[in-house]
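Asker: for reference, the sequence and a predicted model appear below.
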Amino acid sequence: MEYLQGQDRQQLALYTTCLDEMVPEENSVRFIDRFVGALDLEELGFAALPAQGRPPYDPADLLKLYIYGY
């Protein structure tokens, strides 16, 4: 299924450095990113929805946001 995609972390946009370089290596965001990336979301029950209108956000991105916000 096609999901909405954000900008690449290595992409230079407004600043002279990329977003990935602005976040320290020890930041908890990096741990959450690796943790969710290692999960098999389909096995955990995150099923693809049928395409209707605008593409949905990637469930992995929403899970990362939920964990970080919690």
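Answerer: Nice, thanks for sending it over. Numbering: from 1, shown residues only.

Asker: and the gap between the residue most central in space within the chain and T17?
Answerer: Nearest to the geometric centre of the chain sits D61, at 3.2 Å (C-alpha atoms, centre = their mean). Distance from D61 to T17, counting by C-beta to C-beta, to the nearest Å: 22 Å. Bear in mind the C-beta positions are built from the backbone N, C-alpha and C, glycine included.

Asker: do a quick rundown of the helices in this structure.
Answerer: All helices of the chain, identified by DSSP state H, fall at 19-22, 28-38, 59-69.

Asker: put the alpha carbons of the helix or strand of the chain with the lowest mean pLDDT into CSV.
Answerer: Ranked by mean pLDDT, DSSP states H and E, the helix or strand of the chain with the weakest confidence is helix 19-22, at a mean of 78. What follows is helix 19-22, C-alpha atoms only, in CSV (Å, rounded to 0.1, in the frame of the first residue of the first chain):
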residue,chain,number,x,y,z
LEU,A,19,17.8,17.1,9.9
ASP,A,20,19.7,13.9,10.7
GLU,A,21,22.8,15.9,11.6
MET,A,22,20.8,18.1,14.0
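
Asker: in CSV: the helices of the chain, plus distance to Q52.
Answerer: Converted to CSV, the helices of the chain look like this (distance: least, C-beta to C-beta, whole Å):
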stretch, distance to Q52
helix 19-22, 31
helix 28-38, 25
helix 59-69, 16
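
Asker: pick the most deeply packed of those helices.
Answerer: helix 59-69 (a mean of 14; mean count of other C-beta atoms under 10 Å).

Asker: give me the helices and strands touching it, please.
Answerer: When contacts are defined as 3 or more C-beta pairs under 8 Å, 6 or more residues apart in numbering; DSSP states H and E, helix 59-69 packs onto helix 28-38.

Asker: can you give me the angle the helix it packs on makes with helix 59-69?
Answerer: On the basis of axes from the mean of the first three to the mean of the last three C-alpha atoms, to 10 degrees, helix 28-38 is oriented at 140 degrees to helix 59-69.

Asker: much appreciated, bye for now.
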